[in-house]
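A predicted structure for the sequence below; I have some questions about it.
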Amino acid sequence: MGREQWKKIWVGSAGNMVEWFDWFVYATFAVYFADSFFPEGNETANLMNTMGIFAVGFFMRPVGGWLLGRIGDRKGRKAALTLTVTLMSASAILIAIAPTYDVAGYGGVAVLMLARLLQGLSVGGEYAASATYLTEASAPEKRGFASSFQYVSMTAGQLVGLGLQIVLQRNMSDAALHSWGWRIPFVVGALGAAIVFYLRRSMLETEVYAESGAAEQEDRGTLKVLWQHRREAFLVMALTMGGTVAYYTYTTYLTKFLSKSAGMDKSTASLVSFCALFVFMCIQPLAGMLSDRIGRRPLLITFAVGSTFLTVPIMTMLKHADTFWPALGLALLALVVITGYTSINACVKAELFPTNIRALGVGLSYAVANALFGGTAEYVALWFKNAGAESGFYWYVAGCAAVSLIVYLSMRETRDIDLNRVAAAGQPQERPRQAGATTITPAS
């Protein structure tokens, strides 16, 4: 992989890291500010209300996927990536200065809601733009490896958020964190976004987009063209379903699950999440490299089988793992399984669409699936907990994975699709395999 390709991956990933830092610190610090925006009462109910606002951000993601995906297809990947980080910076500032219930009543909730809507708009476009950019910026035989850096950067953003949380927990009193300390990560996020904005202004456009002729097509990035690829769009939604629910279960919800259900203190729960996510981040490129050799479907199928049959026992044992090492071992097992999805889902989705509709096709389809399943995962989990049937959520996660398994078994292999070639019918064509490459027969 050449220097220019590494530069593109680095700039795209750095922005993605900041985007997801801002997105995830809302969830990781929710336990500290949930009571600040609502009247005193049931702690679980206040957390549910706060996470309900978190879910609202997900429902804005389809709008972001459509708007910024359209910009990415019409104006270029660079233009979309620059705009997403600008929106994220604004939302982080709003949360940092949001007034509490004691100061402005439900006015603080309104500010929080506006910030989450902006975050949803930004992240909805960020996923599409970064998935497309990282896939197009890489050499054809290294797309799995390059696109894996999307979840490397996403996880790095979450790790920075968790690391900051651990530092604050160890250097501030619990009362100070609940009072004002929770605002610190949002200030950090706004500053990070400003730095990335500067970096992205000088980033290079991908050769695939620049040389495809897509920029000259009048109907590029439109819903009309996307409708011609509706099968691929529905495929993206279906293959995302199980992966996004499992991902949010073992990342953003894990810390709260360990502290609220397993009875672990907050600092230890945060440390478990931090260590597990660090290992998870490191193995993403390895899985991406493996997919470049054996194909995408084997990894997706391995994830789905593992999540379908292991989720219930893992979650059941996690609920009784009230010490560090057992909880870490179980969390790592779950995240290793999920790697079969996270490491390659960006390139799989990008490989399904031609260049003139790639950003919109990936962004809108993925955002809809996330709004329905990923964004509601924590709320569903807390709903089951509040209803006294917490184990029902375990079966829900396993069921979503089972649905995606059916899709993985029936979809075609995408590893050898040539992003630069489009058939008369508008479908991506396979590129010639290099000598010695592993051969995989696509599924029908």
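Happy to help now that I have it. Residues are numbered from 1 along each chain as shown.

only C-alpha atoms for contact and neighbour calcs from this point on.
Fine.

can you map out the strands along the stretch 51-200 of the chain?
With DSSP state E, counting those that start in this stretch applied, the stretch 51-200 of the chain shows no strands anywhere along its length.

neighbours of the closest residue to residue 28 other than its chain neighbours, just the number please.
Taking Cα to Cα, 6 or more residues apart in numbering, and ignoring the residues beside it in sequence, residue 28 has residue 252 as its nearest neighbour in space, at 6.5 Å. Neighbourhood size, residue 252 [other Cα atoms under 10 Å]: 19.

Can you check the pLDDT for residue 405?
If you check residue 405, the pLDDT there is 97.

That one is in contact with residue 299, isn't it?
No. Residue 405 lies out of contact with residue 299 (Cα atoms under 8 Å); the separation is 11.1 Å.

what do those two both touch?
Overlap of the contact sets of residue 405 and residue 299 (by Cα atoms under 8 Å, 6 or more residues apart in numbering) is empty.

For the helix or strand that residue 340 is a member of, what is the distance to the chain centroid?
Taking DSSP states H and E as the criterion, the element that holds residue 340 is helix 324-342. Average the C-alpha atoms of helix 324-342, do the same for its chain, and the two points are 17 Å apart (Cα atoms, centre = their mean, to the nearest Å).

Pull out the buried residues from it.
Within helix 324-342, the residues scored as buried using 16 or more other Cα atoms under 10 Å are 327-328, 330-332, 334-342.

And for stretch 62-70?
62-70.

Tell me which of the residues you listed fall in helices.
In helices, judged by DSSP state H, the following of the buried residues of stretch 62-70 are found: 62-70.

ok, the residues you listed vs residue 197, which is closest?
For these, the residue nearest residue 197 by Cα to Cα is residue 68; the value is 15.9 Å.

For the residue nearest to that closest one when sequence neighbours are not counted, which residues are in contact?
Taking Cα to Cα, 6+ apart as the measure, residue 68 lies nearest to residue 125, with 4.7 Å between them; neighbours along the chain are not counted. Taking Cα under 8 Å, 6+ apart, we find residue 125 in contact with 61, 64-69, 80-81, 84, 363.

if you set the cut-off to 6 Å instead, what comes out?
Contacts were defined as Cα atoms under 6 Å, 6 or more residues apart in numbering; by that measure residue 125 touches 64-65, 68-69.

Next, format the buried residues of stretch 62-70 as a markdown table and append pLDDT and distance to residue 399.
Rendered in a markdown table, the data for the buried residues of stretch 62-70 read as follows (pLDDT from 0 to 100; distance: Cα to Cα, whole Å):
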| residue | pLDDT | distance to residue 399 |
| --- | --- | --- |
| 62 | 91 | 24 |
| 63 | 92 | 27 |
| 64 | 92 | 28 |
| 65 | 92 | 26 |
| 66 | 94 | 28 |
| 67 | 94 | 32 |
| 68 | 93 | 32 |
| 69 | 93 | 30 |
| 70 | 93 | 33 |
